[in-house]
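S.K.: need a structure here:
(2 chains)
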Amino acid sequence: MKWLFAIVLLLGMYVAHATQQTQPLKHGSFKEIVTAHAGKPFIVALWSVSCTHCSVDLEIFKQLAEKYAEIDLVLISTDSPEQEETIQLLLAKYRLGPTEIKRKGKIESWVFADSYTERLHFEIDSQWYGELPRTYFYDASGKSSAVSGVLDAVNTEKWVLSQK
Amino acid sequence: MVFRQLITLVASFVLASSAYPADQDKPHSMSSGWQKSLASRQISTGAIFDAQGTLWLAQVQDGHVWVSHSADQGLTFSTTVMVNPQAEAVAASGETRPKILLAKNGNIYVSWTQSLETPYAGNIRFSRSIDGGKSFSAPITVNNNLDPITHRFEAMGINKRGQIYLAWLDKRDAVQAKSKGEEYSGIAIYYAMSDDEGQIFHTNIKVADHTCECCRVAMAIDTTDTPVIVWRHIFGKNVRDHGLARLDGLPRSTKEAVPQRVTFENWQVEACPHHGPSLSISGGVYHLAWFNHGTERSGLFYAHSANAGKTFSTPLAVGDSAHQAGHAAVLSSGKNVYLAWKEFDGETTTIKTMYSKNAGDTWNAVKTVAETHDVSDHPQLIAGKEQVYLSWSTQQEGYRLIPLQENKP
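M.R.: Numbers count the residues shown, from 1 in each chain, chains lettered A, B, ... in the order given. Okay, the predicted model is just below:
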């Protein structure tokens, strides 16, 4: 009977993982994200469900993701894991949920999951003071440039094209 | 047999997981997440000393504001007294803390922002105690527009005459403009005043249109007993510098409702900086601390004005910009001025302070007065009978009252 419990537990973990479409961003996670994307250009978008300007950027990313199937997007919400439902609702609205579009590039969703938010901020960028939206454009060599505030759709598309 | 059980189990798990997206149509799912997030970090504390040197705190737990006091500089505290009998979502993190003020006659005034179900929406709440903190009045909502929209980030002040002022960020004009199809950048700033010891507040008065949406408002009382407020404003199309206004009660036409610009870093950004200013006034001098990330200058700054905010001294860069120096508090008493701010070096959050004996012209060396390794409140400076204290609440250590000993005037 013991092994049955073990299987149930494992299944539970699997389902929890499958349901929790947003991954928890903890101490060290950001470094892992950057390492995982090394050698390929990608965009890191910091946003929040309570940020009045962030929806403009999500709309830009929606169009970008549809038009350029290869570009990787890492969406990091500065909310908390308890807001998973709201995060998923908003991402689905902009077709940025994990199963929204069949495309080559990955769209990942992460959420701040460490009470020590100062450390998460610092790990992402010591020069980011928490203003939202904040976006990082990583090129294939791992160099990044940052933009605070609403993105310019034309410039964002130009950047994507310049990475080809 | 066991295999069958397993199949059933697998099937039920799959069903459980696929049931998830069906919730998406529920209109309330958005707000429930919002409410849940409010319960997570509620360490923000409001503090003040009374004339006898007793420390008074306003803190938030489980949807209630609680007031307690300490006669021994925070070593021991009285039992806490509940302010709002009915639990509500009280905003108490980051830029928002409950406020507590004391009147000369012993009245205690408490204000806070109540968060509503709709994101960004809130109400400005007020309650008072006229029995020395034994009991509090039923909370009132001070904003007279009750739409579920932004009425948040309140600042509270009391002048020598005992008039109580509340100023806050308010979305009503932005909503109205948008319903008419007009452009309206940011939101507005309003205030209300009570001259009957907080029984009622007079009508809401607009101070200015086009403020930033998510930065705290700073308030201080000037030498003529008039409250002065400073907040992050939107100048021109999208420059987020700071505006100043005196709440002198003089009627303004809409065209005149433009604040005096007091910072000039030229931060052009369509973003929520979550980083408001701090203001203190003594001996007729305005002392201002603020954060900006503009093309002219970037970082944390301090400046003072001897002409009621018309002109300020050259901004002094404060703290280590490589360590996220921010969220400064400024407190002045006569010619003594104290600054406290937060830094983070990658491992440790510290509160740094510095002190000026000559109204902010020159400053002593920067000192580290406290540290923590988890989430923490923004620093608050409060004046006791004989010295100034840092009031700081952190997740790991709880509430701390730290005397700025070597900064004794």
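
S.K.: could I get the CA-only coordinates of stretch B:383-397 as PDB?
M.R.: The C-alpha trace of stretch B:383-397 is given here as PDB (Å, rounded to 0.1, in the frame of the first residue of the first chain):
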ATOM      1  CA  ALA B 383      11.000  62.600  16.700                       C
ATOM      2  CA  GLY B 384      10.900  61.600  20.400                       C
ATOM      3  CA  LYS B 385      11.300  64.000  23.300                       C
ATOM      4  CA  GLU B 386      15.100  64.000  23.200                       C
ATOM      5  CA  GLN B 387      16.100  62.400  20.000                       C
ATOM      6  CA  VAL B 388      15.200  61.100  16.600                       C
ATOM      7  CA  TYR B 389      14.400  57.400  16.000                       C
ATOM      8  CA  LEU B 390      14.300  55.100  13.000                       C
ATOM      9  CA  SER B 391      10.900  53.200  13.100                       C
ATOM     10  CA  TRP B 392      11.300  50.000  11.000                       C
ATOM     11  CA  SER B 393       9.400  46.900  10.600                       C
ATOM     12  CA  THR B 394      10.900  43.800   9.000                       C
ATOM     13  CA  GLN B 395       9.700  40.200   8.300                       C
ATOM     14  CA  GLN B 396      12.600  38.600  10.200                       C
ATOM     15  CA  GLU B 397      13.000  40.900  13.200                       C
END
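
S.K.: relative to the whole chain's centre, how far out is that stretch?
M.R.: For stretch B:383-397, the separation from the chain centroid amounts to 16 Å (computed by C-alpha atoms, centre = their mean, to the nearest Å).

S.K.: ok, now stretch B:371-379?
M.R.: On the basis of C-alpha atoms, centre = their mean, stretch B:371-379 sits 16 Å off its chain's mean C-alpha point.

S.K.: repeat for stretch B:190-205
M.R.: Computed by C-alpha atoms, centre = their mean, the chain-centroid distance of stretch B:190-205 equals 19 Å.

S.K.: for it, how far is the first residue from the last?
M.R.: 5 Å (C-alpha to C-alpha, to the nearest Å).

S.K.: which residues touch it?
M.R.: B:103, B:105, B:107, B:109, B:126, B:128, B:130, B:137, B:140, B:142-145, B:151, B:161-168, B:170, B:206-207, B:227, B:229, B:247, B:249 (C-beta atoms under 8 Å, 6 or more residues apart in numbering or on different chains). Quick note: C-beta positions are derived from backbone N, CA and C, even for glycine.

S.K.: any of these buried? List them.
M.R.: With neighbours counted by 16 or more other C-beta atoms under 10 Å in any protein chain shown, the contacts of stretch B:190-205 contain buried members at B:103, B:107, B:109, B:126, B:128, B:130, B:137, B:140, B:142-143, B:145, B:151, B:163-168, B:170, B:207, B:227, B:229, B:247.

S.K.: list the ones among those residues that fall in helices.
M.R.: Using DSSP state H, no member of the buried ones among the contacts of stretch B:190-205 sits in helices.

S.K.: can you confirm whether the helix or strand where residue B:368 lies lies near chain A?
M.R.: In the assignment (DSSP states H and E), residue B:368 maps to strand B:367-372. No - Strand B:367-372 stays clear of chain A (C-beta under 8 Å from any C-beta of the partner chain), getting no nearer than 9.0 Å.

S.K.: mind listing what's buried along that strand?
M.R.: B:367, B:369-372.

S.K.: pick out whichever of those residues sits closest to residue B:56.
M.R.: Nearest to residue B:56 among the buried residues of strand B:367-372, counting by C-beta to C-beta, is residue B:370 at 20.4 Å.

S.K.: contacting residues for the closest one?
M.R.: B:350-351, B:390, B:392, B:400, B:402.
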